[in-house]
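Enquirer: sequence? don't have it. structure:
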């Protein structure tokens, strides 16, 4: 019984002295947890903002239906010029790409 009372006294003394020994209040937030949550929130916000600004994920694009698009990753490359470009002109763009040596220069219209 004496050992139990001694253990109870030590435990209660330790809990009472904890704020004085640790140098902070009992109900204060832990610094590490707050910092980790801040870094996690900032990184998730950055990734979410990047996806939103890049309009991703886009699971379908009209270029995927092009007849030669399947060869892009094998031995060819694919160049796409969006019509939202302020200097875009259909005839000038097609003629310019053909002058540069484009083999399959086609206009793809998005529905």
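Expert: Happy to help now that I have it. This structure is a prediction, so every number in the text was calculated from the model and none was measured.
Enquirer: hey, let's count contacts and neighbours off CA atoms from now on
Expert: Noted.
Enquirer: what does the average pLDDT come to for stretch 6-22?
Expert: Mean pLDDT, stretch 6-22: 79.
Enquirer: What is the distance between it and the centre of its chain?
Expert: Put simply, stretch 6-22 sits 46 Å off its chain's centre (CA atoms, centre = their mean, to the nearest Å).
Enquirer: swap in stretch 93-103?
Expert: 36 Å.
Enquirer: Residues contacting that stretch, please?
Expert: Contact partners of stretch 93-103, identified using CA atoms under 8 Å, 6 or more residues apart in numbering, comprise 105, 106, 107.
Enquirer: helix, strand or coil for the most centrally placed residue in the chain?
Expert: Note on the chain: the residue nearest the mean C-alpha position is residue 47, at 2.1 Å, using CA atoms, centre = their mean. Using DSSP: H, G, I helix; E, B strand; the rest coil, the secondary structure recorded for residue 47 is helix.
Enquirer: same check, this time on residue 14
Expert: Classified using three-state DSSP, residue 14 is helix.
Enquirer: re the thing from before, ranking the contacts of stretch 93-103 by neighbours, who comes first?
Expert: residue 105 (15 neighbours; other CA atoms under 10 Å).
Enquirer: Can you point out the helix or strand that includes that one?
Expert: Residue 105 is part of no helix or strand when elements are defined by DSSP states H and E.
Enquirer: what residues are up against it?
Expert: 94, 97, 98.
Enquirer: How is this protein partitioned into domains?
Expert: Structural domains assigned to the chain are 2-53, 62-99, following automatic domain parsing.
Enquirer: picking up where we left off before, put together TSV for the contacts of stretch 93-103, with distance to residue 12 and pLDDT on each row.
Expert: As requested, the contacts of stretch 93-103 are arranged in TSV below (distance: CA to CA, whole Å; pLDDT from 0 to 100):
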residue	distance to residue 12	pLDDT
105	82	85
106	81	83
107	80	82
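Enquirer: Tell me the one of the residues you listed nearest residue 21?
Expert: residue 107 (74.1 Å; CA to CA).
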